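Q: curious how this folds, go ahead:
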Amino acid sequence: MPPLWFGFETWSKCQQDLVELLPQAARFAFLVDQDSPAAAAFIADIRAAAAVLGRQVEIVHASTNREIDAAVASLAQKRADALLVSSGTPFAQRRVQLATLTARHAVPAIFTDRRYVEAGGLMSYGSSATDMYHEVGIYTGRILNGEKPSELPVLQAAKFE
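A: Sure thing, here's the model as predicted:
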């Protein structure tokens, strides 16, 4: 997802949810695809959100099956208190793998999409895909009715689940 859909406020809420679930948690890990164009923005936002909550955050890069396996095993070995999983195609395509690995290694994790939870993940917080698709439909209609895409406002997600 582009940074417009996931910013400081959302990453802060994800971390707050983890703190509520695990009040003693002090060290979070953040799994991010280093090849994502949004990676730098995600990392900056996650670090800022962690600082506000007084938590440490370790950035873990992965994008392939092997890298994801190694990353989650390493976090379990290091006894990270919790894991935040970035949005993005490499992870969305591997949501069953991520849900299974975090459960197997007993690493509490929060994901950006409820489909991870449907695949067995612990919890998620993110923008409503249904709401986003609805907005895309409205934008498409406006463009088909003659409005110029460059003149349409940029919207941020308004509904989260």
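Q: pull the CA atoms of the lowest-mean-pLDDT helix or strand in the chain into PDB?
A: Within the chain, no helix or strand scores below helix 8-21, which has a mean of 81 by mean pLDDT, DSSP states H and E. Only the C-alpha atoms of helix 8-21 are listed here, as PDB (Å, rounded to 0.1, in the frame of the first residue of the first chain):
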ATOM      1  CA  PHE A   8       2.600   7.600  11.400                       C
ATOM      2  CA  GLU A   9      -0.800   7.500  12.900                       C
ATOM      3  CA  THR A  10      -1.500   4.000  11.700                       C
ATOM      4  CA  TRP A  11       1.800   2.600  12.700                       C
ATOM      5  CA  SER A  12       1.400   4.300  16.100                       C
ATOM      6  CA  LYS A  13      -2.100   2.600  16.500                       C
ATOM      7  CA  CYS A  14      -0.600  -0.800  15.600                       C
ATOM      8  CA  GLN A  15       2.100  -0.400  18.300                       C
ATOM      9  CA  GLN A  16      -0.500   0.800  20.800                       C
ATOM     10  CA  ASP A  17      -2.500  -2.300  20.100                       C
ATOM     11  CA  LEU A  18       0.500  -4.400  20.800                       C
ATOM     12  CA  VAL A  19       1.300  -2.600  24.000                       C
ATOM     13  CA  GLU A  20      -2.300  -3.100  25.100                       C
ATOM     14  CA  LEU A  21      -2.000  -6.800  24.300                       C
END
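Q: how about the contacts made by residue 15?
A: Residues counted as contacts of residue 15 (CB atoms under 8 Å, 6 or more residues apart in numbering) are 28, 46, 49-50, 53, 55, 84. In short, each C-beta sits where N, CA and C put it, glycine included.
Q: give me the subset of the residues you listed that lies in strands.
A: 28, 84 (DSSP state E).
Q: okay if I get the contacts of residue 15 as CSV plus distance to residue 109?
A: What follows is the contacts of residue 15, written out as CSV (distance: CB to CB, whole Å):
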residue, distance to residue 109
28, 10
46, 14
49, 16
50, 16
53, 17
55, 15
84, 7
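Q: flag the shaky bits of the chain, pLDDT-wise.
A: 1-8, 157-158 (pLDDT under 70).
Q: for it, what spans make up the helices?
A: 8-21, 39-53, 65-78, 89-92, 95-104, 114-118, 129-144 (DSSP state H).
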